[in-house]
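Visitor: Dropping a prediction and its sequence here:
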Amino acid sequence: MGSLSPVLPVKRDYLLKISPRNDRNNSYQRPRSRFGFKKIDSLQWVSALCVFVFFMFLVQMFLPLSMVDKADGDFLKRDDDSAGDFINLLKQIGGLDFGEDVKFVPTKLLMKFQREKTNNVSFGDSRTVARFANRKPQLALVFADLSVDPQQILMVTVAAALRSIGYEIEVYSLENGPVHSIWKTIGVPVNIIDANNKTDITIDWLNYDGVLVNSLAAKDVISCLLQEPFRSIPLIWSVHEKSLANRIAKYVSSGQIEVINDWKANFNRATVVVFPNYALPMFYAAFDNGNYFVIPGSPSKACKIENSTIIHQQNLGVNMNIRVDDFVVAIVGTEFLYKGIWLEHALVLQALFPLLEHFQIGDNLSPRLKILILSHDLTGNYSAAIEEIAVNLNYPRGIVSHVAIDEDRGVLGITDLVIYGSFLEEQSFPDILIRAMCLEKPIIAPDLPIIKKYVNHGVNGLLFPKENIKALTQITLQVVFERKLSTLATKIASTGKYTAKNMMVLESIEGYASLIENILNLPSEVASPRAITEIPPDFKTEWQWHRFEAIEDRKYVNRTLTIHHFLNKVEDRWNHTPRAISEFPSNDSFIYALWEEEKVNQIMKTKRAREDDEMRDRSEQPRGTWEEVYRNAKKADRNKNDLHERDDGELERTGQPLCIYEPYFGQGSWSFLHSNSLYRGIGLSTKSRRPRRDDIDAPSRLPLLNTPYYRDTLGDFGAFFAIANRIDRIHKNAWIGFSSWRSTARKESLSKNAEIALTEDIEAQKHGDAVYFWVRMDKDPRNPTQQDFWLFCDAINAGNCKFAYSEAFKKIYGIKGNLTILPPMPVDGDTWSVMNSWAMPTKSFLEFVMFSRMFVDAIDAQVYDEHHGGGLCYLSLNKDKHCYTRVLEVLVNIWAYHSARRMVYIDPNTGTMQEQHDFTKRAGKMWVKWFDFNTLKSMDEDLAEEADSDHPTRRWLWPSTGEVFWQGVYEKERIQWRKEKESKKQKTRAKIQRIKNRTHQKVIGKYVKPSPENSTVAARVFR
């Protein structure tokens, strides 16, 4: 059976046990099918004891080959007439494993899909959600290159089918190739990514509802999707290569843990990892995170034979000592490994033994019989074991040989007959049989259910009962006539090629369509795709071979070699990073010597530091009062700030009238940010800030953004609140602007001409207190029908935008009842702003933030309980962490229009300006009183007084979104200042009093200075 962990030896006893982790993720269950021997005739009794000896030989096979050679071969000749010996044999081999106890079932994914289907979003009668079919679902297909290979044929077929039921698809590729023209022919845009690594990939993946990545070589794209803000995009990774699984053991043995962790992170990022067969999930079990899925079926490149392949097969036959006229039989089987595989090979060889009678043994001039067994090498000496089994079955040496399937370089191409010798109940049709059928080789296989589903006995293949090995002998003799294939076999092979050429198309298309439907969470403005049953029958019956026939250079690339080169590059990237202990010799004495040396160094460092401290204590140190120490520390801080070297951008912004801030979250958006002095980044997360940039750390200015829930729901408004919080400390310009990084990705950010035009218009004050914007609502991809304001807002908010605004306004202004309070937004042929890309005076910005804080608090009170608890929000059809972000996106339009401000659209390319919603025609349409500054200011002070004085214990968002300030704060600060001043005076008086009350020592003696007269007399006496 296939090993669940390719980094360990292939032994089923412990590898195929169902671990709790695998049972929880992708379980490997036990079906009840058994390997049976119900019909045993006398011909098989003849070799009963011989097969028993093979079993004993298998035990010896795990010993060194030299010990096997020493075994006595004469013991094979026993009494062949004993039926009881065969019964005893079956009893002994009952403990053998035939791979029947492992079955791949993606339990975790299936449970997730079922759970999402049963979770219906419901909010009661007043909060129903609706879908608006404004656009089709968008999918991105990513390839490593556009060369001709089976995976390109597969995805072209799947894409054509998906487009027929309503999907829009766009192709990205790291390299160009001949398939570029095919994608263009079917109407799919193709983009070539000019990037050497993941940092050069500048694509806004948020434009797509899902991403399908093909091949391991497209790993750099998945590394981009590992970064925010792209981590939540549904990702399907289709892996058809086995090369990486073969290297995992080498990575472990060589200590390349960084490489393993890197690949594991990429596998874990994928929403679903899709494999084309049930063997690959076993080989990649080391990276399994419960997201593995199998969609069987893929076009086989063997169905398109090239001249170079034929030449290669001829050379291969010469190297294997196989002549053109030799009759070659290939025994193939499952890709899984299990202990009983040797017995299956022995039984098939036994059934083929009568075929020797049709060939002349020892005659080098006549056609010879060659039997090749294609399988994995279980122990490294399985080839020797096969040869011994063949000899024990009386095959002449040289007829039977073993070929490791990992080393198969087209062996099937030189065969004449292919026999499937595995009795394992497969979950999908074996790939190796498809290759054989495509090569127009007749196949003989047991009548397993999955094989009977596609192979019709006597039409496109031959079947024999798995319980009756004698039938295999009879069928083999029918297909061989005069040491060549019979006419029947040739006809069956020809029909089989046509069958294999388009095998399992239906399963692949329906598998991908169903999987995509299950993982996509389409927004409310996106139309649902049509049912899978509506895919036209033409797409379900055959692969799109005909589209590739028009390509002149349709030679298949060596995908295995390409993947090996790519894996080498990945290893080289990590090998430049020094490893720790893995590079040291594994000698214990060497490690101990290193440890002793390090310990001595640490002791010497400690001793030297202690001596330095003692010398410092003995030396004379300058003393001073605590006041002097405090003044010196403050002076050092001031000098440090004065010597702060500001970058050129910061210095240039000082003299500019405008500064535009670009909010961003995550490394994935760095490549879309501007670097000139007009712009300044503001990171919504401290960890994701750009290095060596003068970006603002929003969470340090607004601690609310340290909470991931509000960082996601507020979106760009988190940056607005962070800038407005004590704005004079960070923003010194008269005008302020914001630009979404996504507008840059859509090529709708301000060009150089537009920046100059905007700056000149601001300095000239042509439009006064105006709001300039450069991303139009009527050009938004979410609004292809150019809906009006409220219809567009409803479309992107599940039909509940107007309801949300009405409830928020009633809460802000304290209006009771069931009235609908909705400011009118006229339909006058002009447009509105989207994507939070605008500029306005700094004073107006603070007024807008003052209103926005109240609005956000009101709408948060509506949705917090349901959204924070269960992820449900009546503004979205699915669980959405952004919830009311889309409602806030258009809020600036309502405030600007009803606060009597001019709204000016500036073309981001040319810089031309056009006023929207003529100010002179708004009379009687604006709710000026509702948005008057004095009204909003009084409401803001009332909220501040409540928060500052009452200290409410309920959950309340408003105090956390900015400054809490009202008129009483002045008085409180004045009182606090007086208290501090009085406290300082009291401390001074207390200090003076303590000095006066000190106990002074009494004077022991008193020196009396003699008078001048006495001094003169004394001097004369001494003379």
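Guide: Looks like it came in fine.
Visitor: Mind checking what secondary structure residue 454 has?
Guide: With DSSP: H, G, I helix; E, B strand; the rest coil as the basis, residue 454 sits in coil.
Visitor: ok, and the closest non-adjacent residue to it?
Guide: residue 429 (5.5 Å; C-beta to C-beta, 6 or more residues apart in numbering). Glycine gets a C-beta too; all of them are placed from N, C-alpha and C.
Visitor: next one: residue 727
Guide: residue 846 (6.7 Å).
Visitor: got a pLDDT number for residue 842?
Guide: Per-residue pLDDT puts residue 842 at 96.
Visitor: how near is the residue most central in space within the chain to residue 929?
Guide: Nearest to the mean C-alpha position of the chain, counting by C-alpha atoms, centre = their mean, stands residue 269 at 2.8 Å. According to C-beta to C-beta, to the nearest Å, residue 269 and residue 929 sit 52 Å apart.
Visitor: So what does the residue nearest to the centre of the chain have for phi and psi?
Guide: Main-chain dihedrals, residue 269, degrees, to the nearest 10: phi -70, psi -30.
Visitor: Spatially, which residue comes closest to residue 180, not counting chain neighbours?
Guide: residue 146 (5.0 Å).
Visitor: didn't that neighbour look like it was pressed against residue 174?
Guide: No. Under the criterion of C-beta atoms under 8 Å, residue 146 makes no contact with residue 174, lying 9.4 Å away.
Visitor: Tell me if I'm right that the residue nearest to residue 727 and residue 725 touch.
Guide: No. Counting by C-beta under 8 Å, residue 725 is not a contact partner of residue 846; they are 10.5 Å apart.
Visitor: Who has more neighbours out of the two?
Guide: residue 725 (18 against 15; other C-beta atoms under 10 Å).
Visitor: quick revisit: give me the phi and psi angles of the residue nearest to residue 727.
Guide: phi -60, psi -40.
Visitor: Could you check the pLDDT of it?
Guide: Residue 846 carries a pLDDT value of 96.
Visitor: which residues of the stretch 1-150 of the chain score low on pLDDT?
Guide: 1-102, 118-126 (pLDDT under 70).
Visitor: How about residue 139: which residues does it bridge to?
Guide: With DSSP bridges applied, residue 139 shows beta-bridge pairing to residue 169, residue 210.
Visitor: what sits up against stretch 935-947?
Guide: Residues outside stretch 935-947 that contact it (C-beta atoms under 8 Å, 6 or more residues apart in numbering): 812, 847, 850-851, 853-854, 929, 952, 956, 958-959, 964-969.
Visitor: which ones are touching residue 524?
Guide: With contact set as C-beta under 8 Å, 6+ apart, residue 524 has these partners: 129-132, 795-799, 876-877.
Visitor: Now do the SS call for residue 1009.
Guide: Secondary structure of residue 1009, per three-state DSSP, is coil.
Visitor: can you map out the strands along the stretch 451-600 of the chain?
Guide: Applying DSSP state E, counting those that start in this stretch to the stretch 451-600 of the chain gives strands spanning 462-464, 480-481, 484-485.
Visitor: Cool, thanks, talk later.
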